[in-house]
Structure formats: structure tokens, C-alpha cells
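Asker: can't give you the sequence, but here's the structure:
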């Protein structure tokens, strides 16, 4: 996939407090990217810099290779869904979703573009001395403004040319053909009626995409939290941005609805073909929805990778602890494929470390098996059992530490057991 967004050495300071510390990030087209980390790690600031709501203190933001730091938020190819959906309570579902299209087409938007054209020409005209050049530039400016004010300008121009030809020809067959062409062009004129039909078709398309067909006339205050969120997403998608920015949009939902919406958001992203950048501190959301996870802490990116890579191959102790639960042990890498911890040597699958280098060893709770006493690697005693629904969370105290294990096999309190794991269950990391 082609690269869509690049952040290069982006730093942000607020009142002398460094929030982002020179981050570099690449996002590709049609990706679902999640910025994941604890509160205050800089993920929302990163999102707001991409959206144009915050300017970085230094660095570049590139869209398709073009620096857009001087492009205001409303002119960027992005749309945002906030944690509080910011729906209009006086409008029904249809009008909430249609709002973006109406703003895009209304006279306020047109006047704003006209002012921009006038300002640009005024700057150029100040530098000109030749009267003929000034007249030509003013004529060009008037034509550009006329085109903006009249969406049928080019069609009317075509009709004028065709009518001129019609009056000049005497061939009856040719006259009929020209009249037919004129009528065909007139039928393509953009009117209030055609605009409204276009808006209706698009609103219905996006309401169907988010599963809200038939809700057009429903008042938004009568919708559930999940339905309101879908309305906000449809409103953001309808202008077809290149990128949809989502700032913790599931935070206000209850657990079951939040889990349902995770799958629906991913499905919406696939169907729309739009790049999603999603901010959350919830690891489950990140693992469920993402093509790429960006783990952040203290304004820095600690690791970028797929959910599987991030979970199975964490870069450091923070990532291992933040993504899922982990048993993290201080160890020594004696040689390639051989690590030492808790007074024993263990075969592993890692290599490339210096001999006798201090390392962190990660063993995920689900990768440890509880086996009969005397048949495993490490002996210990069961000191805690918690039923989690799909598995038991069991703590086993050994001579050196307490291991947490996730298993579907029940154990007895205070039972003496052994713990077993394979070489592929040990993940060795550099100590940061």
C-alpha cells in the first residue's frame, strides 16, 4: 500500500512541558492504525496535529508527500469523531448526517472560497504595473468567481456555443441533433432539487453502512449510545475524507456495546476504504481492530507493529506490561538460544545478544502449564485462584517469585505444583 501520512521528527511543547519528543510515524492508505498508551502519553496530541487542530513545535506532517502544516483543519482531507459525539440535538438523524454535505454546498462555504481567490489576486495585482496585465488578471479573477457562484457555468457556456451553431446551420437533421444536445445538457443542470436528491442518496448510503437504515426521522436524543456513535461516524464519513480520526469514541459505552462496536468499526473501515486513526488506552480495542498499533509513553513511540507482533514480541518491559498480562523476570543471556533466570538455564529461541548481557524475560500467563509436582521446570504452591469466565487466573509462589498463570484447568488452593513452558514461550528483551 502507498504511504498516505508521514510524521517526521514531530515535537510539541505546552508551556515548557514536552508532550511529544520527536516522533516519526508512517501510515499507509486504507490502514486501521491505533495510537495506544496511558493518559498523557501524547496520543491525542498526535491525532490533533494530524487533524490540524494543534500545530507542532517542530517537525513535518506530510500527506501524500506534501507538507500540510500551513493547511488549516477544514481544508485537510480528514474528519474527526470525538469522544463526545457533538450531535445536534435539534436535528433528526438524517439532518445530522446531511449536515456536512449542506455546509460543503452552502453559500457561506462559497463566500469563503471567493474571499480566498480575491486575496490571492490582490497580492499578485500589487506587484503589477502594466495596465493591460492588471485588466487581464481582474478579468481572470471575475471568471473564477463566476464559476464558483454558478455550478452550471460550464454547461451554460456549452449551450451558448451550441445555440450559436444552431442559428448558423440550415441543415434540419443537424438542427434536431443540436437541439437534442442542448436539452441533454439542460437536464444535467444542478438545481436545489438535484442537490437534495444527491444528499438523500448519500445519507441513505452511509446510514446503511453504519446499520441505521430506517432511523432517518428519529431524534438523536432518543437513540442509544451506540446508535449515536454510528450517527457521528456516518456524518464524518459522508464527505469522504481520506482519513477518519477517532478520539476514544467508544469510551462512553458500556462493556458489551463497546465490544460489539469494535467489530462494527473494523467492518465500516473495510467497507469505506478510508484510513482510520484511532486513539485509545484500551489494549483490547487496539488488538481487536487494528492493522497497526503504535504504542506510546511519555511522548515517545516505543513500538510499532501488527497486533500479533506487539503481543508476541514486545520491545520492552513497558510494552509487555501494557499489552496483556505478563510475567517479567530479570535474566542473563548466556549465549544465543540460552537464557538464565531463577538459578537455572533455559533453552529459548532468541539470539543476537551479547554474552552474559542482562535481559528481561517475558512469559505470558497463557503460555505456562501447571503440571504435577516434580515433573516441570519450577516448583511452587498455589496461593490464589480467580475464576475469569473463560479461564482461571492462578498465582503460584515459587522460591524466587510469584507467577501468574491463565488456564482452563482448575487447581486446589495450597496445592504443590510444577510450572512448565517451552523455548518458544520465552521472549527475551533488552533492558531499557
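Answerer: On my side now, so go ahead. Being a predicted model, the structure only gives us computed values, none of them experimental.

Asker: what is the residue nearest the centre of the chain paired to in the beta sheet?
Answerer: Nearest to the mean C-alpha position of the chain, by CA atoms, centre = their mean, lies residue 277 at 1.0 Å. Per DSSP bridges, the residues bridged to residue 277 are residue 33, residue 245.

Asker: any idea which element residue 349 lies in?
Answerer: Counting by DSSP states H and E, no helix or strand carries residue 349.

Asker: how much space between it and residue 359?
Answerer: In this structure, residue 349 and residue 359 are 14 Å apart, going by CB to CB, to the nearest Å. In short, each C-beta sits where N, CA and C put it, glycine included.

Asker: quick one, which of these two is more surrounded?
Answerer: Neighbours were tallied for residue 349 and for residue 359 using other CB atoms under 10 Å; the higher tally belongs to residue 359 (22 against 13).

Asker: Going by secondary structure, that one is in what exactly?
Answerer: Here residue 359, judged by DSSP H and E, is contained in strand 357-363.

Asker: Can you identify the element that follows that strand toward the C-terminus?
Answerer: Downstream of strand 357-363, the first helix or strand assigned by DSSP H and E is strand 369-372.

Asker: Run me through the strand neighbours of that next one, direction for each.
Answerer: Partners of strand 369-372 in the sheet, by DSSP bridges, are strand 416-420 (antiparallel).

Asker: which residues sit in contact with the spatially closest residue to residue 118 that is not a sequence neighbour?
Answerer: Distance criterion CB to CB, 6 or more residues apart in numbering; nearest residue to residue 118, sequence neighbours excluded, is residue 141 at 6.9 Å. Contacts for residue 141 (CB atoms under 8 Å, 6 or more residues apart in numbering) come out as 117, 118, 121.

Asker: give me that answer again for 10 Å
Answerer: With contact taken as CB atoms under 10 Å, 6 or more residues apart in numbering, residue 141 is in contact with 114, 117, 118, 120, 121, 122, 124, 125.

Asker: Just the residues you listed: which are in helices?
Answerer: Counting by DSSP state H, these place 114, 117, 118, 120, 121, 122, 124, 125 in helices.

Asker: of those residues, buried ones?
Answerer: Neighbour-count burial (16 or more other CB atoms under 10 Å) applied to those gives 114, 117, 121.

Asker: would you turn the residues you listed into JSON lines with distance to residue 52 and pLDDT?
Answerer: Shown next, in JSON lines, are these (distance: CB to CB, whole Å; pLDDT from 0 to 100):
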{"residue": "114", "distance to residue 52": "22", "pLDDT": "73"}
{"residue": "117", "distance to residue 52": "21", "pLDDT": "81"}
{"residue": "121", "distance to residue 52": "25", "pLDDT": "84"}
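
Asker: Quick one: distance of the helix or strand hosting residue 330 to the chain centre.
Answerer: Here residue 330 is covered by strand 327-335, with elements defined by DSSP H and E. In terms of CA atoms, centre = their mean, to the nearest Å, the centre of strand 327-335 is set 36 Å apart from its chain centre.

Asker: I'd like the next helix or strand past that strand.
Answerer: Going down the chain from strand 327-335, the next helix or strand is strand 338-341, by DSSP H and E.

Asker: Tell me the pLDDT of the residue located most distally from the centre of the chain.
Answerer: What lies farthest from the middle of the chain is residue 170; by CA atoms, centre = their mean that is 62.4 Å. The model reports residue 170 with a pLDDT of 81.

Asker: coming back round to it: could I get the ones in helices among the contacts of residue 141 in a markdown table, plus columns for distance to residue 407?
Answerer: Shown next, in a markdown table, are the ones in helices among the contacts of residue 141 (distance: CB to CB, whole Å):
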| residue | distance to residue 407 |
| --- | --- |
| 114 | 69 |
| 117 | 69 |
| 118 | 72 |
| 120 | 69 |
| 121 | 74 |
| 122 | 74 |
| 124 | 74 |
| 125 | 78 |
